[in-house]
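K.L.:
Sequence first, then the predicted structure:
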There are 2 protein chains.
Amino acid sequence: MIAVFKKYITEKVTLTEQEWTLIQSVCIERKLRKQQYLLQEGDVWHYNAFITKGCLRRYRIDDKGVEHILQFSVENWWAGDRDSLINGTPSKYSIDAIEDSVVILIRKEDFDMLVNRIPEFRNLVNIILEKSLIASQERIHDAISLTAEEKYLGFVERYPGLSNRVPRRMLASYLGVTPETLSRVRQVVMKK
Amino acid sequence: MIAVFKKYITEKVTLTEQEWTLIQSVCIERKLRKQQYLLQEGDVWHYNAFITKGCLRRYRIDDKGVEHILQFSVENWWAGDRDSLINGTPSKYSIDAIEDSVVILIRKEDFDMLVNRIPEFRNLVNIILEKSLIASQERIHDAISLTAEEKYLGFVERYPGLSNRVPRRMLASYLGVTPETLSRVRQVVMKK
DNA sequence: CGATTCTTTGAAAACAGTCAATCTGTGTGG
DNA sequence: CCACACAGATTGACTGTTTTCAAAGAATCG
């Protein structure tokens, strides 16, 4: 499954063979069964995780026991908890697999080494950061501006594949509405 | 007012005198009167802006003419539209001053030059990016999880100075509720 | 001081949430 | 392979919160 990662990397930046070998040398492949945790709330997160197969979610649980999903990550995207990683603090999030998945883990020290030794890699990481931030801003905008129906339609439009891939209650959680509300919203949308 | 910027920079990283001179050479100071635009929706944004005095807001206007504020920026923080800056696309946002303000503008080309020539500066920029992303994630969590009252209390706690500094209707817009709701929420909170 | 904008208040309507019951689909063990 | 159990999704009735619309009071600015 590391081939997926190589493809991803080489499509974005041009690397020498040595550079790729270096990257590969610090990659840890890990399989996750559906439901399995990659990170549990309270633990410290030490990696960057790239998903080569499957789908993960990062979420928090509030005082009332309700889950709130911050992110879905599928193949060719990254997962992890930046806050815990950078500050070394216990994570507020849990991450688990919602499908059988395969991820590539790179330890923070190794990742930093790659960033320092491979300028192209640094660029790539930076672009990802920028994109993530821009996407977060969009999501904030949607969260504070849109009705439940608009949020749902916006999600379907933005992530066409995902809306049929993740369970509805998780989609509801991601959108910040109850499963019941999502169900009703979908009914209305269907009739149009 | 450039002294504010120098203080900010030198508190975060150690620079040689030449490096600071280089930075200073590309800084453009601009005063903004209350209400004045720094960026108007539809324009392309070419800068990074550091606020040395005052307070700015970045916002969008929806189809119904309602403003939705994505960000407040006060002294010692940054403003701008990353999306437009990086992709060269017309901005979806407007940025204007909600107090008489002073900002330092650095053109994108100059900023990139600084990042390339001054490793410490690159680090600083990266840390800011990371922090912004972490903060955005927190805000998303709040937006999808909290009630109006909790959002308000959360804001007051997180930005104690700001809640009395920005007009209430703007605070409401930032939180994603109507001014009326915020007004009522505040009443309830006062009585406790 | 007058005009404008902002904030608050009130009442009604729209919207989303809750609770409970039913329906559906999936996976498991017999 | 079937039947059953279980979780997820939907539906209905109700409650509660937030919005909307309208108007009055407060603050701000020229």
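P.N.:
That came in fine, so what should we check first?

K.L.:
Just grab the bridge partners of the residue positioned nearest the centre of chain A for me.
P.N.:
Note on chain A: the residue nearest the mean C-alpha position is residue A:73, at 3.2 Å, using CA atoms, centre = their mean. Beta bridges link residue A:73 to residue A:56 when assigned by DSSP bridges.

K.L.:
Report the contact partners of it.
P.N.:
A:49, A:51, A:55-58, A:79 (CB atoms under 8 Å, 6 or more residues apart in numbering or on different chains). Yep, even glycine has a C-beta here, placed from its N, CA and C like the rest.

K.L.:
can you tell me how far it sits from DNA strand D?
P.N.:
Distance, residue A:73 to DNA strand D, using CB to the nearest atom of the strand, to the nearest Å: 19 Å.

K.L.:
care to break chain A down by domain?
P.N.:
Domain segmentation of chain A under automatic domain parsing yields A:2-128, A:146-192.

K.L.:
Output the ones you listed as CSV; include the columns mean pLDDT and distance to residue B:65.
P.N.:
Shown next, in CSV, are those (pLDDT from 0 to 100; distance: least, CB to CB, whole Å):
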stretch, mean pLDDT, distance to residue B:65
domain A:2-128, 96, 31
domain A:146-192, 95, 15
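
K.L.:
Including distance to residue B:139, could the ones you listed go into JSON lines?
P.N.:
Below are the domains of chain A laid out as JSON lines (distance: least, CB to CB, whole Å):
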{"stretch": "domain A:2-128", "distance to residue B:139": "11"}
{"stretch": "domain A:146-192", "distance to residue B:139": "12"}
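
K.L.:
how about JSON lines for the contacts of residue A:73, with distance to residue A:66 and neighbour count added?
P.N.:
Shown next, in JSON lines, are the contacts of residue A:73 (distance: CB to CB, whole Å; neighbours: other CB atoms under 10 Å in any protein chain shown):
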{"residue": "A:49", "distance to residue A:66": "25", "neighbour count": "23"}
{"residue": "A:51", "distance to residue A:66": "25", "neighbour count": "24"}
{"residue": "A:55", "distance to residue A:66": "21", "neighbour count": "22"}
{"residue": "A:56", "distance to residue A:66": "20", "neighbour count": "26"}
{"residue": "A:57", "distance to residue A:66": "14", "neighbour count": "23"}
{"residue": "A:58", "distance to residue A:66": "15", "neighbour count": "21"}
{"residue": "A:79", "distance to residue A:66": "22", "neighbour count": "25"}
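
K.L.:
Cool, thanks, signing off.
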